[in-house]
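Student: just need the structure, nothing else, for what follows:
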Amino acid sequence: MLTKQVIGNIDNDENIHANREWIELDWEELNKRILRKKTNKGTDIAISLEEQEPLKVGDIIYQDESMQVVIRTKKEKVYIIYPVSNTQMGKMAFELGNRHTQCLISSDEIIVRYDETLVRLFEEVGVKYEETERRFKQPFKYRGHKH
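Tutor: Below is the predicted model:
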C-alpha cells in the first residue's frame with residue numbers, strides 16, 4: 001500500500017476508528033519523506049510524502065472504512081529520576097548538563113535515555129531512579145553552544 005500525504009492527526013479527530021493500525025518510528029525516521037514499514041498488525045506500507053513537513057506523532061497516513069494507519073514513536077528504554085528536593089534536582093540537572101546528556105525535565109522528574117554509565121552518577125547524587133520504557137511525543141533536544 002502506498003501513501004503520499006498526511007490525512008490528519010488523531011489529536012484533532014474526535015472519531016476513534018474501529019480498526020486502527022500503528023506504524024512505529026524512531027525520532028530520526030519522523031524526518032524522512034520516503035519509508036517502507038509494516039504496521040503493528042503486519043500491513044506493508046510505503047510512505048512517499050510530497051510535502052516537506054516532517055511526520056508527527058498521531059499523523060493519519062491512510063484511512064478507509066476498513067482501517068486507519070497512524071504514526072507513533074517506538075518505546076525507548078529510559079531512566080526516570082525522582083529528585084526529592086530542589087537541591088537534588090539542581091545537582092542532578094548540573095551533572096547531566098555537564099555530561100551533555102539530553103533530558104526532559106518536569107516539576108517532579110527527569111527523564112533521560114538509557115545509558116548504563118548513568119547509574120553510578122545517580123548513586124553518587126543519591127537520587128531515586130527507575131529503568132523503564134516510554135513513548136514520547138516530543139524529541140529529546142540538545143541545545144548546542146559555541147565554545
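Student: and the worst-scoring helix or strand of the chain on mean pLDDT, what does it pack onto?
Tutor: When each helix and strand of the chain is scored by mean pLDDT, DSSP states H and E, strand 103-105 comes last, with a mean of 87. Judged by 3 or more CB pairs under 8 Å, 6 or more residues apart in numbering; DSSP states H and E, the packing partners of strand 103-105 are helix 86-98, strand 110-113. Backbone N, C-alpha and C define where each C-beta goes, glycine included.
Student: to residue 40, which of the ones you listed lies closest?
Tutor: Nearest to residue 40 among the helices and strands packed on strand 103-105 is strand 110-113; the distance by CB to CB comes to 22.8 Å.
Student: note down every partner strand of the closest one and its orientation.
Tutor: Note on strand 110-113: by DSSP bridges, its sheet partners are strand 76-82 (antiparallel), strand 103-105 (antiparallel).
Student: just name the most buried of the helices and strands packed on strand 103-105.
Tutor: strand 110-113 (a mean of 19; mean count of other CB atoms under 10 Å).
Student: what mean pLDDT does it get?
Tutor: Strand 110-113 carries an average pLDDT of 92.
Student: how far is it from where the chain is centred?
Tutor: On the basis of CA atoms, centre = their mean, to the nearest Å, strand 110-113 sits 12 Å off its chain's mean C-alpha point.
Student: again, but for stretch 121-136
Tutor: Using CA atoms, centre = their mean, the offset of stretch 121-136 from its chain centre is 17 Å.
Student: CA-only coordinates of that stretch in CSV, if you can.
Tutor: What follows is stretch 121-136, C-alpha atoms only, in CSV (Å, rounded to 0.1, in the frame of the first residue of the first chain):
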residue,chain,number,x,y,z
LEU,A,121,26.0,9.1,38.7
PHE,A,122,22.6,8.6,40.2
GLU,A,123,24.0,6.7,43.1
GLU,A,124,26.7,9.4,43.7
VAL,A,125,24.0,12.1,43.8
GLY,A,126,21.8,9.8,46.0
VAL,A,127,18.7,10.2,43.8
LYS,A,128,15.9,7.7,43.4
TYR,A,129,15.5,6.4,39.8
GLU,A,130,13.9,3.6,37.8
GLU,A,131,14.6,2.0,34.5
THR,A,132,11.5,1.7,32.2
GLU,A,133,10.3,2.2,28.7
ARG,A,134,8.3,5.2,27.4
ARG,A,135,6.9,6.5,24.1
PHE,A,136,7.4,10.2,23.5
